[in-house]
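Sequence and predicted model, in that order:
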Amino acid sequence: MRIARAVASAAILWMSFAGLCSATTASATPKAIFVILDGIPADVIERVSTPTIDAIASQGGYTRAVTGGPVGQPGETPTVSAPGYMSLVTGTWANKHNVYDNYDLSPNYDYWNLFRLVKHERPALRIGIFSTWIDNRTVLLGEGKPEAGGFLFDHVIDGLELDTARFPTQPMDRQIALVDGAIADEGATVIAHEAPDLSWFYLQYTDDIGHEYGDGPEFDQAVMDMDAHLGKVWAAVSARQQAYDEDWLVIVTTDHGRDGETGREHEGHTERERTIWIACNSQRLSPKFKDMPEMVDIYPSIAQHMGITIPEAIASQLDGRSFID
């Protein structure tokens, strides 16, 4: 695959560079960003030109991964957006976090999300969310709600999709593409100047285009546009790593695939709907990373990078395990 070839071509360079970096990395301040680009199947991300994702993967790795939980068991989770987000941020499947759809949501906050964990264990760390869907913060994560731990974000850019003065409704919801661009621009500025310790970027429009057109040139172009948005965030991270003693983890993924017939739908458990992908810049990837990791493995991997020991009461509830040594 194109991405695999890019990773292989960079391997020798990074093996020689690793020794030079090890002393710096050991003392550098760990920071992490995870990015969800909505609804892009693995076969599309491997075929379409995505230079930013390739650049991130060349420093660490790219792999296919799985979402949707264990089929036919209590943890089976619909391949739908909000359940996918919640599985990532809680490290659990829907039978625990209780999010089965995008609407009428009643999350089970007993399963701590990653931001709640970070603020509980390291209150001085700063967290950020840059999202095209405001419900990610207000509902799924439950910011400020006592039952969700009462934590507050230090940096927030969301709700722009509700700002009809700035982003008036357009045919095919094209205003969402503009919102994605603004989220990437403004969020990258925060990364460059404020450098939160843990951040979530969520960009939506690829899923909208997928539902409208299915597989085809329109969807491919939307994926390339997303990669360009991601490039702004990656540029900010790269500049920070050159200027400061910081060790940035960047994980990019998607929440679900799409049906194999048209590419317009998702919800079920066909192989294409369940097959997602992960691009990661970490040089500490374990063999597990290449062995079809799951969406729920991202949570403990970020905690591992940040040096946060997950309390046993929380760790025992997780369905995932780290792919970072």
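Received the coordinates, thanks.

all helices for the stretch 101-250 of the chain, in order.
114-121, 135, 174-193, 205-213, 217-243 (DSSP state H, counting those that start in this stretch).

Take those and write them to a markdown table, including mean pLDDT.
Output for the helices of the stretch 101-250 of the chain, formatted as a markdown table (pLDDT from 0 to 100):
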| stretch | mean pLDDT |
| --- | --- |
| helix 114-121 | 98 |
| helix 135 | 98 |
| helix 174-193 | 98 |
| helix 205-213 | 97 |
| helix 217-243 | 98 |
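
Just tell me which of these ends up closest to residue 27.
helix 217-243 (13.7 Å; Cβ to Cβ). Every residue, glycine included, has its C-beta placed from N, CA and C.

low-scoring stretches of this structure, by residue?
1-26 (pLDDT under 70).

any idea how far the residue nearest to residue 147 when sequence neighbours are not counted lies from residue 309?
In this structure, residue 147 finds its nearest non-sequential neighbour in residue 109, 4.9 Å apart by Cβ to Cβ, 6 or more residues apart in numbering. Distance, residue 109 to residue 309, by Cβ to Cβ, to the nearest Å: 21 Å.

Would you mind telling me which of the two has more residues around it?
Using other Cβ atoms under 10 Å as the criterion, residue 109 and residue 309 rank with residue 109 on top: 19 against 9.

For the more buried one, give me its contacts.
Residues near residue 109 by Cβ atoms under 8 Å, 6 or more residues apart in numbering: 142, 145, 147, 148, 149.

make it 6 Å
By Cβ atoms under 6 Å, 6 or more residues apart in numbering, residue 109 lies in contact with 142, 147, 148.

Show me how to select, in ChimeraX, the buried members of the residues you listed.
Of those, the buried ones go into a single ChimeraX selection, burial set by 16 or more other Cβ atoms under 10 Å:
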select :142,148
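
Closest one of the contacts of residue 109 to residue 268?
residue 142 (28.3 Å).

I figured that closest one was touching residue 150, is that so?
No - judged on Cβ atoms under 6 Å, residue 142 makes no contact with residue 150 at a distance of 9.0 Å.

one step back: got CSV for the helices of the stretch 101-250 of the chain, with distance to residue 29 and mean neighbour count too?
Below are these laid out as CSV (distance: least, Cβ to Cβ, whole Å; neighbours: other Cβ atoms under 10 Å):
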stretch, distance to residue 29, mean neighbour count
helix 114-121, 14, 21
helix 135, 31, 16
helix 174-193, 14, 20
helix 205-213, 32, 22
helix 217-243, 10, 18
